[in-house]
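Provided below for reference: sequence and predicted model.
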Amino acid sequence: MMNTSPPPGRMIAALRLVEGAPAVELEVSDAFIDAEGDSLEYTAVSSDELVATAEAVEARITIRPVSPGKTTISVRATDPGDLSATQSFAVTTVVSSLDRNALIVFYDMTGGPDWTERANWLSNAPLDEWHGVSTDADGMVTRLALNGNTLQGPLPEELGQLGNLTVLDLGNNHLSGSIPTSVGQLTLLESLNLEENQLTGTLPIDIEQLVNLETFRLAGNQLSGGIPAELEHLDALEVLDLGDNTFTGPIPPEIGTLEALFHLDLSDNRLTGPLPPEVGRLSNLSILNVASNPELAGPLPLALSRLDLESLHVNGTQLCVPLSEEFVEWLSNIPDLGEIPVCPDE
């Protein structure tokens, strides 16, 4: 039988690689067919090794991105009779984005190799194919959702580089350390969930810059210090849950400026003083929980009766019901009402 050169089989598709990303390996044994069934030897050459390099080991081609640009990779298959065939395909190496770099730091700092799910992280795949990541039409990260994914370690300052982020959901993990001040740079953020972690330290004042924030959940951490009055700048806030931490000091009256707020949970902390009457200005408030703050004390403010509450819990405090028939009648109309003692007759 006359020997013939191995004809092409499957066409090798063009590649898009990211500068600094890991090498890509291609299996090309099905890209060439030898009619005589002979074993083939493979070589691979890049037309511009400043863009990407290529190396063949048997039928496996390793392509490593170097710097931005375009190159052509030529793969040659040669049979024992020295007859050969070649396939060429384009490789484009693109600049690594700030968003990608920030995600890489985040992955490294939070124990990425041990995450429960980490599909495509650190790969050349588009960012919206990385597990838990969503992007807009321009490839900018808009959502990072890794709830319950066994993240551990501190949150890096580089999170602040994700300037298009609208949702950050890292709840139910093992994150530790303080909340980085750079979170204040995420001014498009609408939902921030860091609940049920091991975060410590104080709430950074920079949070006041999150003027689009609607949901803010920090419950179940070890955060301390006072609740900053600067929260008054979060005009869009609808849900504020700071429960089960170690916050101290008074409830800031500035909270009464959050007109969109309908869920306020400050339970299981070490807050002191009275419940400020400014809470009565929260016309949309439906759920109020300040339970298990033993040093909260005094009569519930009469201004609360302006609200149409569905749930009110103050058990585990020294707060009490003022001697007002109208207030007592208002309380009786709250569907979910914890036990509250009547204030002593002065």
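The structure has been received and is ready for your questions.

Every contact and neighbour count from this point should use C-alpha atoms.
Noted.

pretty sure residue 298 is touching residue 317, no?
No: in terms of CA atoms under 8 Å, residue 298 does not count as a neighbour of residue 317; the distance is 9.3 Å.

okay, the two: which has more neighbours?
residue 317 (21 against 16; other CA atoms under 10 Å).

Find the residue closest to that one in space, skipping its chain neighbours.
residue 294 (4.4 Å; CA to CA, 6 or more residues apart in numbering).

ditto for residue 11
Residue 11 sits nearest to residue 31 (CA to CA, 6+ apart), 6.1 Å away.

now that neighbour: how far from residue 60?
11 Å (CA to CA, to the nearest Å).

How many neighbouring residues does the residue nearest to residue 11 have?
Neighbour tally, residue 31, other CA under 10 Å: 18.

again, but for the one 10 residues further on
Applying other CA under 10 Å, we find 17 other residues in the vicinity of residue 41.

Pretty sure it sits against residue 77.
Yes: using CA under 8 Å, residue 41 is in contact with residue 77, at 5.5 Å.

so who does the residue nearest to residue 11 touch?
8, 9, 10, 11, 12 (CA atoms under 8 Å, 6 or more residues apart in numbering).

Next, give phi and psi for it.
Backbone torsions of residue 31, given as degrees, to the nearest 10, read phi -90, psi -10.

can you check residue 84 too?
phi -140, psi 170.

Find the nearest non-adjacent residue to it, please.
residue 78 (4.2 Å).

just residue 255 next, same as before
residue 232 (5.7 Å).

Does the one you found belong to a helix, a strand or coil?
helix (DSSP: H, G, I helix; E, B strand; the rest coil).

Check residue 16 too.
strand.

For it, give me its contacts.
Residue 16 touches 91, 92, 93, 94, 124, counting by CA under 8 Å, 6+ apart.

tell me what the one helix or strand the third one maps to is packed against?
In this assignment (DSSP states H and E), residue 93 forms part of strand 84-94. Counting by 3 or more CA pairs under 8 Å, 6 or more residues apart in numbering; DSSP states H and E, the packing neighbours recorded for strand 84-94 are strand 15-18, strand 69-78.

Lovely, talk soon.
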